[in-house]
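1. show me how the following folds:
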Amino acid sequence: QVQLVESGGGLVQAGGSLRLSCAASGRTFSSYAMGWFRQAPGKERELVATISGGGGTYYADSVKGRFTCSRDNAKNTLYLQMNSLKPEDTAVYYCAAGSGRYYSGSSPMRYWGQGTQVTVSS
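-> Got it, this is the predicted structure:
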């Protein structure tokens with residue numbers, strides 16, 4: 001059974017940093033797309049960053065230059081380094097994994113973690 005378990009969320013002041021981790025089990029995702037999504041209260045879930053099976057990354061404009069998505073295939077773990085955090089980054093962050101090498105509308109994320117809360121105070 002596939003499991004994705006996020007950790008590393010918490011409360012941080014604006015301008016601070018956090019590093020989220022997502023440990024995957026039940027399947028090796030080294031060749032598959034993975035990503036981070038977030039959902040703020042009263043808002044729809046939005047894509048934050050993705051990383052392809054080949055290691056290419058994509059970032060939402062709102063986090064570009066501040067967040068870095070990476071993966072350690074040996075540990076089957078996905079990371080999200082978040083710097084220069086802003087109050088508008090406050091959300092539940094979800095890790096996701098796909099069944100294809102790239103994430104797209106025709107190859108959506110298939111597996112989801114339970115989420116970890118990130119709260120940025122002003």
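2. so the residue positioned nearest the centre of the chain: helix, strand or coil?
-> Central residue of the chain (Cα atoms, centre = their mean): residue 36, 2.1 Å from the mean position. Using DSSP: H, G, I helix; E, B strand; the rest coil, the structure places residue 36 in strand.
3. nearest spatial neighbour of it, chain-adjacent residues omitted?
-> Closest residue to residue 36 apart from its sequence neighbours, by Cβ to Cβ, 6 or more residues apart in numbering: residue 48 at 4.3 Å. For glycine as for every other residue, the C-beta is placed from the backbone atoms N, C-alpha and C.
4. what comes up buried for the strand or helix carrying the one you found?
-> If you go by DSSP states H and E, residue 48 is part of strand 46-51. Using 16 or more other Cβ atoms under 10 Å as the burial criterion, the residues of strand 46-51 that qualify are 47-51.
5. partner strands of that strand, with direction?
-> Paired neighbours of strand 46-51 in the sheet (DSSP bridges): strand 34-39 (antiparallel), strand 57-59 (antiparallel).
6. okay, those strands, which one's buried deepest?
-> strand 34-39 (a mean of 22; mean count of other Cβ atoms under 10 Å).
7. confirm for me that the residue nearest to residue 36 is in contact with residue 57.
-> No - in this structure residue 48 lies outside contact range of residue 57 using Cβ atoms under 8 Å: 11.0 Å.
8. between those two, which contacts overlap?
-> Common contacts of residue 48 and residue 57, defined by Cβ atoms under 8 Å, 6 or more residues apart in numbering, comprise residue 69.
9. make sure I have this right: residue 88 is in a helix.
-> Yes - residue state for residue 88 (three-state DSSP) corresponds to a helix.
10. and of the buried residues of strand 46-51, the nearest to residue 13?
-> residue 48 (20.1 Å; Cβ to Cβ).
11. on that earlier part again, for the residue nearest to the centre of the chain, list each beta-bridge partner.
-> Beta-bridge partners recorded for residue 36 (DSSP bridges): residue 49, residue 95.
12. I'd guessed it sits against residue 97; true?
-> No - using Cβ under 8 Å, residue 36 is not in contact with residue 97, being 10.9 Å away.
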